[in-house]
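A.B. asks: just the structure for this:
(one chain, ligands or ions: 2)
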Amino acid sequence: MKVAWAGSRHAVEVADRMACLVASDPVFRKDTRTMLSRKELFKDTLKKAAHAWKRTVELHLTEEEANLLRLYIDQPGYVDLHWVMFVPAIKGQGTEEQQKKWLTMAYKFQIIGTYAQTELGHGSNVQGLETTATFDPSTDEFIMHSPTLTSSKWWPGGLGKTSTHAVVYARLITEGKDYGIHGFIMQLRSLDDHSPLPGITIGDIGGKFGSGAYNSMDNGVMRLDHVRIPRDQMLMRLAQVTREGKYVHSDVPKQLLYGTMVYVRQTIVADASRALSRAVCIAVRYGAIRKQFGSKAGGPETQVLNYKTQQSRLFPFLASAYAFRFVGQWLKWLYTDVTQKLESKDFSTLPEAHACTAGLKSVTTSATADAIEECQKLCGGHGYLNSSGLPELFAVNLPACTYEGDNVVLLLQVARFLMKTVSQVASGKQPVGTTAYMGNIQHLMQCKSVVNTVEDWLNPAAIKEVFEARALRMAVNCAQNISKAPSQEEGFSELSPDLVEAAVAHVQLIIVTKFIEKLQEDILGHGVKEQLQKLCGIYALHLIHNERLGKLYAQVRPNAVALVDAFDYTDHYLGSALGRYDGDVYSALYKEAWKDPLNETVVPDGYQEHLRPLLKQQLKLSRL
Ligand SMILES: CC(C)(COP(=O)(O)OP(=O)(O)OC[C@H]1O[C@@H](n2cnc3c(N)ncnc32)[C@H](O)[C@@H]1OP(=O)(O)O)[C@@H](O)C(=O)NCCC(=O)NCCSC(=O)CCCC(=O)O
Ligand SMILES: Cc1cc2nc3c(=O)[nH]c(=O)nc-3n(C[C@H](O)[C@H](O)[C@H](O)COP(=O)(O)OP(=O)(O)OC[C@H]3O[C@@H](n4cnc5c(N)ncnc54)[C@H](O)[C@@H]3O)c2cc1C
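C.D. replies: Numbers count the residues shown, from 1 in each chain. Ligands and ions are numbered 1, 2, ... in the order given. This is a model prediction of the structure:
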């Protein structure tokens with residue numbers, strides 16, 4: 001099962017090696033992270049990132065190994081934006097020459113970059129950004145400026161205290177004309193003493209939800225006061241400005257400006273499956289240890305994992321973790337395929353890539369955030385402790401519903417793609433890719449239920465057809481209602497809640513389809529495929545509330561712990577007293593409690609000033 005989860009034996013081997021490297025290095029300890037102040041936590045992040053870089057160089061780690069090292073350190077920080085957004089933005093939007101110049105420094109960590117797009121006043125609406133980049137032909141420079149308070153750059157990770165450079169998104173103005181949003185490389189801080197360069201006001205935007213990780217990240221604010229940069233620091237793969245100030249657009253779609261976001265969204269699907277699997281691993285293992293009620297004649301109480309309510313709340317998440325893992329593996333293939341096509345100027349699958357990455361990022365991150373919160377409740381009171389690992393896991397993964405695109409805004413992008421497809425089908429064009437099912441509109445719109453017997457519900461072909469019919473009917477229904485509106489735009493806006501639901505149904509069809517396709521592959525291990533078939537059934541049927549589920553839960557229960565052990569997480573990475581591999585939960589909870597700084601003294605700080613006088617006074621009053 002480990003191989004099915006990891007994707008290959010090689011992936012298992014590399015993951016094990018990097019996880020153990022991190023778990024065995026005291027610099028990477030994280031058990032006291034939630035007890036640190038914001039400044040201590042930030043400094044700890046700098047220390048870990050520097051040590052990780054040192055180990056990467058010492059051990060000659062590959063890019064794959066270095067990425068896994070960063071993943072198992074499990075502490076958001078500036079390195080994430082440097083590798084995940086700054087480097088890809090230059091790769092995707094820079095010319096060969098610009099890539100050569102800037103990536104050489106970035107790969108050697110001679111500069112630290114971030115991705116500065118969002119502003120105080122705009123995040124979703126990229127075309128509404130206000131920062132300006134005005135070309136000055138007299139000096140062959142762009143003047144970068146924050147014209148309003150709302151144009152302050154706000155949120156970029158690492159911007160607050162760490163990044164020396166950024167790809168800054170701004171309105172390109174030349175010859176008095178505004179050409180919209182483009183990317184520019186800017187140096188922000190001196191490479192000698194790290195002080196902000198002239199004209200740049202920069203800082204951290206303040207503490208964020210929850211304690212511990214993500215407060216480790218210095219999300220920043222930046223205002224620019226007519227800062228000049230050379231013309232050749234405009235990222236010029238998509239467009240350029242000549243020495244004379246002429247704007248020249250290249251022959252690639254302007255949407256490639258958004259390419260970095262598409263890349264990150266596909267990685268976020270894999271992140272969601274990992275975060276969900278960590279929460280499920282904790283809740284399943286703890287559910288097998290925790291016993292409450294049910295003892296007969298002094299015998300052992302009942303494992304809470306045996307309760308049908310616990311199973312009906314938890315096992316859909318177990319199934320979703322595998323479902324998101326497999327669709328994430330497919331999405332990575334889709335992204336690679338689109339990127340290769342772009343190299344040969346084939347832009348035909350760009351809309352599909354945008355719709356799939358936006359939709360899957362949205363559906364998987366929303367489901368994961370909800371599931372982690374529910375896993376906290378599934379562990380009872382102890383799930384609320386930081387030592388369970390669940391509060392921090394929730395705090396770190398909740399913002400994934402917002403960053404890289406607000407989930408509703410992204411689902412509306414999917415809906416826009418679906419409405420275009422429905423109208424193309426109406427005009428006789430055969431849809432392809434993930435919307436190919438819409439070409440079967442006659443059959444799917446009339447088909448009676450293809451599942452008549454209880455057993456039909458475990459027939460993958462029948463389940464797939466049910467999900468196709470559901471998605472198509474919701475999309476066609478929206479299209480028909482939009483067509484009755486005074487205008488397409490008004491109809492789209494009026495129907496937007498229904499369009500979001502139709503987009504979710506389409507994305508869930510993709511997830512179910514990719515799970516079914518995974519099961520058609522050769523899967524190593526005795527009985528593994530059978531278990532995955534049950535999980536595929538649970539994932540699909542829980543979305544449509546089917547009565548078959550109870551039987552499936554009972555069949556999965558005996559292997560539930562094995563299915564989470566297959567995630568192969570070290571206790572260090574899981575970071576949970578409840579999810580320990582050895583199940584020694586109660587002594588772990590007890591031991592973790594005493595680490596809290598509040599327990600450094602038996603009599604707490606503040607007793608003499610505030611508690612003692614109060615108690616003495618009350619005692620005196622009681623004697624009157
Ligand atoms: C919502 C939209 C998509 C709207 O785009 P727009 O151009 O203003 O308007 P539109 O008319 O809807 O689109 C025009 C057209 O562009 C297409 N398009 C839009 N986005 C993409 C894309 N990524 N790839 C390929 N195509 C794209 C749309 O489908 C439209 O195509 P069409 O005209 O229908 O053929 C966009 O503004 C957007 O993506 N907003 C979200 C912003 C975002 O994701 N910010 C992330 C900042 S970085 C970050 O959060 C880092 C966090 C990392 C971390 O800490 O881990
Ligand atoms: C932890 C974190 C890290 C981040 N890191 C970065 C970074 O490194 N670089 C960077 O540039 N940005 C970063 N961001 C910013 C992030 O990308 C934006 O917050 C995100 O894109 C959402 O945009 P917004 O904040 O403007 O939300 P808004 O769009 O203001 O959303 C507010 C509400 O309005 C709704 N809404 C907005 N538009 C529409 C519409 N057209 N139709 C219907 N509903 C709508 C949304 O659904 C939402 O409910 C980060 C954010 C967070 C939380």
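A.B. asks: going forward, measure contacts between C-alpha atoms and count neighbours the same way
C.D. replies: Noted.
A.B. asks: please identify the helix or strand for the most centrally placed residue in the chain.
C.D. replies: Most central in the chain under CA atoms, centre = their mean is residue 268, positioned 3.5 Å from the mean C-alpha point. According to DSSP states H and E, residue 268 maps onto helix 259-289.
A.B. asks: can that helix be found next to ligand 1?
C.D. replies: Yes. Applying CA under 6 Å from any ligand atom, one finds helix 259-289 in contact with ligand 1 at 259, 261, 262.
A.B. asks: what of stretch 205-220?
C.D. replies: No. For stretch 205-220, no contact with ligand 1 is found by CA under 6 Å from any ligand atom; the gap never falls below 8.3 Å.
A.B. asks: which positions within that stretch qualify as buried?
C.D. replies: Neighbour-count burial for stretch 205-220 flags 205, 208, 211, 212, 213, 214, 215, 216, 217, 218, 219, 220 (criterion: 16 or more other CA atoms under 10 Å).
A.B. asks: now swap in stretch 605-622 and tell me
C.D. replies: Buried residues in stretch 605-622, counting neighbours by 16+ other CA under 10 Å, are absent.
A.B. asks: same thing with stretch 396-409?
C.D. replies: Here stretch 396-409 shows 396-409 as buried, counting by 16+ other CA under 10 Å.
A.B. asks: which of the three states applies to residue 522?
C.D. replies: Under DSSP: H, G, I helix; E, B strand; the rest coil, residue 522 falls in the coil class.
A.B. asks: my bad, should have said residue 552
C.D. replies: Per three-state DSSP, the secondary structure class of residue 552 is helix.
A.B. asks: these two touch, right, the residue nearest to the centre of the chain and residue 361?
C.D. replies: Yes. Residue 268 is within contact range of residue 361, at 6.2 Å (criterion: CA atoms under 8 Å).
A.B. asks: for the stretch 51-200 of the chain, which residues are neighbours of ligand 1?
C.D. replies: With CA under 6 Å from any ligand atom as the criterion, the stretch 51-200 of the chain meets ligand 1 at residues 117, 118, 123, 124, 125, 126, 127, 157.
A.B. asks: the second one contacts residue 154, correct?
C.D. replies: Yes. Look at residue 118 against residue 154 with CA under 8 Å: they come within range, at 5.8 Å.
A.B. asks: more neighbours: which of these two?
C.D. replies: residue 154 (26 against 23; other CA atoms under 10 Å).
A.B. asks: dump the residue contacts of that one.
C.D. replies: Contacts for residue 154 (CA atoms under 8 Å, 6 or more residues apart in numbering) come out as 116, 118, 119, 120, 205, 219, 220, 221, 222.
A.B. asks: hmm, residue 163 and the first one touching each other?
C.D. replies: The one in question is residue 116. No. Contact criterion CA under 8 Å: residue 116 and residue 163 do not qualify, at 10.5 Å.
A.B. asks: looking at those two, which has the bigger crowd around it?
C.D. replies: Per other CA under 10 Å, whichever of residue 116 and residue 163 has more neighbours is residue 116, with 29 against 25.
A.B. asks: what sits against that one?
C.D. replies: Per CA under 8 Å, 6+ apart, neighbours of residue 116: 153, 154, 155, 156, 159, 166, 167, 168, 169.
A.B. asks: so what's residue 529 closest to, chain neighbours aside?
C.D. replies: residue 523 (6.2 Å; CA to CA, 6 or more residues apart in numbering).
A.B. asks: ok, now residue 541?
C.D. replies: Here the nearest residue to residue 541 in space, its sequence neighbours aside, is residue 549; by CA to CA, 6+ apart that works out to 6.7 Å.
A.B. asks: next SSE downstream of the lowest-mean-pLDDT helix or strand in the chain?
C.D. replies: Least confident helix or strand of the chain, by mean pLDDT, DSSP states H and E, is helix 441-446 with a mean of 82. Downstream of helix 441-446, the next assigned helix or strand under DSSP H and E is helix 460-483.
A.B. asks: buried ones in the helix or strand following that following helix?
C.D. replies: Where DSSP H and E defines the elements, the next helix or strand beyond helix 460-483 is helix 488-494. Neighbour-count burial for helix 488-494 flags 491, 492 (criterion: 16+ other CA under 10 Å).
A.B. asks: average pLDDT for helix 488-494?
C.D. replies: For helix 488-494, mean pLDDT is 97.
A.B. asks: please name every helix or strand in contact with that helix.
C.D. replies: Counting contacts by 3 or more CA pairs under 8 Å, 6 or more residues apart in numbering; DSSP states H and E, helix 488-494 is packed against helix 460-483.
A.B. asks: what packs against the helix it packs on?
C.D. replies: Partner elements for helix 460-483 (3+ CA pairs under 8 Å, 6+ apart): helix 407-426, helix 441-446, helix 488-494, helix 496-519.
A.B. asks: let's see it at 10 Å
C.D. replies: Packing partners of helix 460-483 (3 or more CA pairs under 10 Å, 6 or more residues apart in numbering; DSSP states H and E): helix 407-426, helix 441-446, helix 488-494, helix 496-519, helix 528-543.
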